[in-house]
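Q: have a look at this prediction, sequence included:
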Amino acid sequence: MSTAPPPAARAETLALAAERYGTPAYVYDLDRVRAHADHLTRTLPGVQIRYSVKANPNAAICRAVAERGLGAEVSSAGEFATAVQVGFRPEQIMVSGPYKEPALLARLASMPGTLISVDSLSELAQLATGTDVSVPRRVVLRLRPDYPAAGDMCVGPSMRFGIPIDDIEQAVPLLEGGGVRCVGFHVYAGSQILDAAEAAGQLNSAHELVTRAAKTLNLTPEVINLGGGFGVPYRAGDGELDLAPIAATLRDLAAASPGAQLILELGRYLVADAGWYLTRVVHQQSFAGRPAVVVDGGIHHRPDLCGLELAHQAAPPLLLGPVRNGTHGTQPTAVLGCLCLPWDILADAATLPALHTGDVLAFATAGAYGLSAAPTAFLGHRLPAEVIIDGDAIDTLAAVQPTADPAGAP
Ligand SMILES: *Cc1c(COP(=O)(O)O)cnc(C)c1O
């Protein structure tokens, strides 16, 4: 995935974005998203890749993914509206999650090609007996992994999503109801898996779980969504995920399930390293005996830092702008956010040159689970700009953000 442009060019572009749109800001590079999409398509032929919109619902990003021919995985009426508006075809979209709002179900009633991932037997009963559709809903049953999950933020046997395999037999009478047509299964077992053997092992375990469920229900799956959870390097020393063993595993699984379309749903892998978070030094401080700076951003924009405990581990931010004469050497420096919250720390000991008020820092790998997952209302600071880099163009594209109106026309 070595798609990174030379760092010097990147820093210039980021500095230009900060100058034009101010800080704090998120900057997304669409070419990186496209490169990851193409890499997946090339490396995993025959497998359908669907973009998990919750990783970054920015409309420009979603549109770039749609234009690359990938599908989408959404979990709300708002995400569904985004997906349709940016150009995903209904049959390329899977709707998942524990609750589909009435407005979403109403809209899906006229889109029989869209796949619905059913999270519980209760939801299956609701859909199976629903009288509001003339065409049966096209569903997959989400299965709860009964094996240890890998990666960060695991969704293993102790977790809350999906139908436990021991209960799957109870789906039999519900599937006879006529309101649904079950075409297969959905498994998602965890996020941020960086080890290829582990990722391949998870796909095998998911497929094996699907095979058991299919046998119990006496059903030949047409669709098997094996999840994914592919990770990206965040920490110093993290390597890139090697897709070769994963491709080999998927070839074997496809051969074992002739007639079934294999699907992977990936969020972070497509967008994380396409995003930067820019923030400006506003004050000098000290922290834990180290030099520190206060910046105009904070964890109210970067929940991903907390979820992955990156403040202690991530590579240091890039200092944008001219290297000053007289700035010799680097030292461990704390980057403190602007919130009245003790743990609003973006980096606790990043190796940085001496920083001055006005300096702009660019945190890399900030494209996934950032702004849309952030508690932005806390303390009432203003929202960061979202800046799009598309080739040579830099723009905010704020005007094209779709509304979250689920009833809105595509
Ligand atoms: C969040 C989520 C994803 C995306 O996970 P990544 O680790 O970002 O790829 C995929 N599927 C489901 C069901 C999810 O909840």
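A: Nice, thanks for sending it over.
Q: and this structure, which residues reach the ligand?
A: When proximity is defined as C-beta under 6 Å from any ligand atom, the chain approaches the ligand at 52, 54-55, 73, 96, 188, 191, 227-229, 265-269. The way it works is simple: take the backbone N, C-alpha and C, and place the C-beta from them, glycine included.
Q: please flag which of the residues you listed sit within strands.
A: Of the residues of the chain next to the ligand, the ones assigned to strands by DSSP state E are 52, 73, 227-228, 265-266.
Q: please report how far the residue of the stretch 101-250 of the chain found nearest the ligand lies from G237.
A: Taking C-beta to the nearest ligand atom, the ligand has its nearest neighbour within the stretch 101-250 of the chain at S191, 3.2 Å off. S191 sits 19 Å away from G237, going by C-beta to C-beta, to the nearest Å.
Q: neighbour count winner among the two?
A: S191 (27 against 7; other C-beta atoms under 10 Å).
Q: I'd guessed the more buried one sits against V232; true?
A: No: contact criterion C-beta atoms under 8 Å: S191 and V232 do not qualify, at 10.4 Å.
Q: joint contacts of these two?
A: Residues touching both S191 and V232 (C-beta atoms under 8 Å, 6 or more residues apart in numbering): R268.
Q: quick check, pLDDT for the residue of the stretch 101-250 of the chain closest to the ligand.
A: pLDDT recorded at S191 is 91.
Q: bridged to it, which residues?
A: Listed by DSSP bridges, the beta-bridge partners for S191 are D152.
Q: for this protein, just list every one of the helices.
A: 7-21, 30-43, 59-67, 77-86, 102-108, 121-129, 171-175, 196-217, 243-256, 268-271, 303-307 (DSSP state H).
Q: so which elements touch the fourth one?
A: Packing contacts for helix 77-86, counted by 3 or more C-beta pairs under 8 Å, 6 or more residues apart in numbering; DSSP states H and E, involve helix 59-67, strand 71-74, strand 93-95, helix 102-108.
Q: how far is the shortest one from where the chain is centred?
A: Centroid separation for strand 93-95 versus its chain: 15 Å, with C-alpha atoms, centre = their mean, to the nearest Å.
Q: can you list the strands that it pairs with?
A: strand 71-74 (parallel), strand 115-118 (parallel).
Q: dump the ones you listed into TSV; add mean neighbour count as well.
A: Shown next, in TSV, are those (neighbours: other C-beta atoms under 10 Å):
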stretch	mean neighbour count
strand 71-74	26
strand 115-118	26
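Q: okay, now the closest residue to the ligand within the chain: neighbour count?
A: When scored by C-beta to the nearest ligand atom, the chain has G267 as its residue closest to the ligand, at 2.8 Å. When neighbours are counted by other C-beta under 10 Å, G267 registers 22.
Q: which residues touch the closest residue to it other than its chain neighbours?
A: Spatially, and ignoring its direct neighbours in sequence, G267 is nearest to A55 (2.8 Å; C-beta to C-beta, 6 or more residues apart in numbering). Taking C-beta under 8 Å, 6+ apart, we find A55 in contact with 267-268, 270-272, 368-369.
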